[in-house]
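Trainee: What follows is a protein structure lacking sequence information:
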Ligand SMILES: Nc1ncnc2c1ncn2[C@@H]1O[C@H](COP(=O)(O)OP(=O)(O)OP(=O)(O)O)[C@@H](O)[C@H]1O
């Protein structure tokens, strides 16, 4: 159960929205590996058009939550609805439709090392559409330009690129099917502060321009302040709060307090 004291300083209902523009609805989620539970009774709503930051201590289950929402891990209990479809009860066609409407940037980029940048970005289009080769190439080139990469990279392999460029290629691939919903697992991890700020700005602009809903796991406080509309906090095996950073700064939860009001949190507040 959520700590009721936490709901006090936060807006309306911090975790559940009960609104019809909910894109992801998680209810009573139970996630386990063997006997060990990672999530218990976890509720979360992600609302259309919001950039949601997902934070929590190391090992609290942020990546497991993402993997469970996108269907890479089956939940042991509870329910998950994406675009109104219950993920436990979908036809293959519905699952394919959801895959087409979502894009994911995994923590390590998960690029195919033997393929060029262009081939990597094109791969979801090859898999999910019957477009001609020329159209796929043109669309992929557009996505590569959209994430701020030059045409010179088209024929390079991932290993020839910097970490920041690889992240951008991963983002271009995640955007290749024009998703409505984007999952990002620590997109700025491993980037220098300037590269991270540029990547943050890119995500915010994409969200604003394309109306994307973004689910972004991050440890990067600067990203939370710079681009997130709301932040969901994972602790004690569930989402203990979902609120704006300003609201979370007033929370009494010990982990949230330490996170936002500790030295790094204060530095990020000043910089924001
Ligand atoms: N395939 C697996 N088998 C067993 N345990 C797993 C597996 N995947 C994750 N776990 C465990 O689930 C817990 C949550 O892992 P997860 O990667 O979701 O944490 P996280 O919050 O994303 O952490 P970090 O911030 O360090 O990336 C960890 O204790 C991890 O060891």
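Mentor: Good, I have the coordinates. Please read all numbers here as calculations on a predicted model, not as lab measurements. Residues are numbered from 1 along each chain as shown.
Trainee: What residues does the protein have near the ligand?
Mentor: For the chain, the contact set with the ligand under CB under 6 Å from any ligand atom comprises 33, 38, 56, 58, 59, 60, 61, 62, 63, 64. To be clear about C-beta, it is placed using only N, CA and C from the backbone, and glycine gets the same treatment.
Trainee: can you rerun that using 5 Å?
Mentor: Within the chain, the positions adjacent to the ligand are 33, 38, 58, 59, 60, 61, 62, 63, 64 by CB under 5 Å from any ligand atom.
Trainee: Put together TSV for those, with pLDDT, neighbour count and secondary structure on each row.
Mentor: Shown next, in TSV, are the residues of the chain next to the ligand (pLDDT from 0 to 100; neighbours: other CB atoms under 10 Å; DSSP: H, G, I helix; E, B strand; the rest coil):
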residue	pLDDT	neighbour count	secondary structure
33	95	10	strand
38	96	22	strand
58	90	6	coil
59	91	9	coil
60	94	20	coil
61	95	21	coil
62	95	21	helix
63	94	18	helix
64	96	20	helix
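Trainee: Need the max-distance pair from those.
Mentor: Maximum pairwise distance among the residues of the chain next to the ligand (CB to CB): 16.1 Å, between 33 and 58.
Trainee: The residue lying closest to residue 90 once chain neighbours are set aside is in what secondary structure piece?
Mentor: Distances taken as CB to CB, 6 or more residues apart in numbering put residue 98 closest to residue 90, at 7.4 Å, once the chain neighbours are dropped. Using DSSP states H and E, residue 98 sits in helix 92-101.
Trainee: Same check on residue 78?
Mentor: strand 77-82.
Trainee: thinking again about what came up before, off-centre distance for the helix holding residue 98?
Mentor: Here helix 92-101 is found 18 Å from its chain centre; the criterion is CA atoms, centre = their mean, to the nearest Å.
Trainee: Taking strand 77-82 as reference, get the angle to it.
Mentor: Orientation check (axes from the mean of the first three to the mean of the last three CA atoms, to 10 degrees): helix 92-101 against strand 77-82 gives 60 degrees.
Trainee: which parts of helix 92-101 are buried?
Mentor: Going by neighbour count (16 or more other CB atoms under 10 Å), the buried part of helix 92-101 is 94, 97, 98, 99, 100.
Trainee: what does stretch 217-233 give?
Mentor: Those would be 217-228, 230-233, for stretch 217-233 by 16+ other CB under 10 Å.
Trainee: those helices in the stretch 1-150 of the chain, which residues are they?
Mentor: Ranges of helices in the stretch 1-150 of the chain, per DSSP state H, counting those that start in this stretch, are 4-7, 62-69, 92-101, 117-128, 133-146.
Trainee: Identify the residues contacting the longest one?
Mentor: Judged by CB atoms under 8 Å, 6 or more residues apart in numbering, the contacts made with helix 133-146 from elsewhere in the structure are 117-118, 121-122, 125-126, 129, 131, 151, 153-154, 169, 172-173, 175-176, 206.
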